[in-house]
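1. I'd like to go over a predicted model; first the sequence, then the structure.
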Amino acid sequence: MDENKLPERISFNPKIFGGKPIAGGRRLAVEHILGMIGAGDSVETILEGYPWLEPEDIQACLVYARRIISHERIEPLQMESA
């Protein structure tokens, strides 16, 4: 699937998780999927646990996360000496 179309699989609903991004149009937060991947779960394991989820939904979560952090900048904290 085209990377530009993948984020369309991520939705927001103020009534679900306070408007956090969700995947697959259901009550499954993007952060939860990313957490499972970070914990070492395979795509296959995630899909087994959530049979309504599609592989493109997981890919969409990764694209969404990359796009969010691509705008992040860390500024060094400057401490004044006493």
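-> Arrived safely, thanks for sending. Numbering: from 1, shown residues only.
2. residues near the spatially closest residue to Ala23 that is not a sequence neighbour, how many?
-> Nearest residue to Ala23, sequence neighbours excluded (CB to CB, 6 or more residues apart in numbering): Asp57, at 4.5 Å. (C-beta placed from N, C-alpha, C; glycine too.) Asp57: 23 surrounding residues under other CB atoms under 10 Å.
3. so how far is Glu80 from Asp19?
-> Careful, residue 19 is Gly; it's not Asp. The gap separating Gly19 from Glu80 is 39 Å, by CB to CB, to the nearest Å.
4. what about the helices in the chain?
-> 30-38, 43-49, 55-69 (DSSP state H).
5. so for Leu6, which of these sits nearest?
-> The closest of these to Leu6 is helix 55-69. By CB to CB, the value is 4.1 Å.
6. can you give me the neighbour number for the residue nearest to Ala65 when sequence neighbours are not counted?
-> Distances taken as CB to CB, 6+ apart put Leu34 closest to Ala65, at 5.8 Å, once the chain neighbours are dropped. Leu34 has 16 neighbouring residues, counting by other CB under 10 Å.
7. the one 10 residues further on too?
-> Glu44 is flanked by 9 other residues according to other CB under 10 Å.
8. and it, what pLDDT?
-> Per-residue pLDDT puts Glu44 at 97.
9. any idea how far it lies from Gln78?
-> To Gln78, Glu44 is 47 Å away according to CB to CB.
10. hey, what's Ala23 bridged with?
-> Counting by DSSP bridges, Ala23 is bridged to Ile10.
11. quick check, it in contact with Arg9.
-> Yes. Assessed by CB atoms under 8 Å, Ala23 is found in contact with Arg9 at 6.6 Å.
12. what sits in contact with each of these two?
-> Residues touching both Ala23 and Arg9 (CB atoms under 8 Å, 6 or more residues apart in numbering) are Asp57, Ala60.
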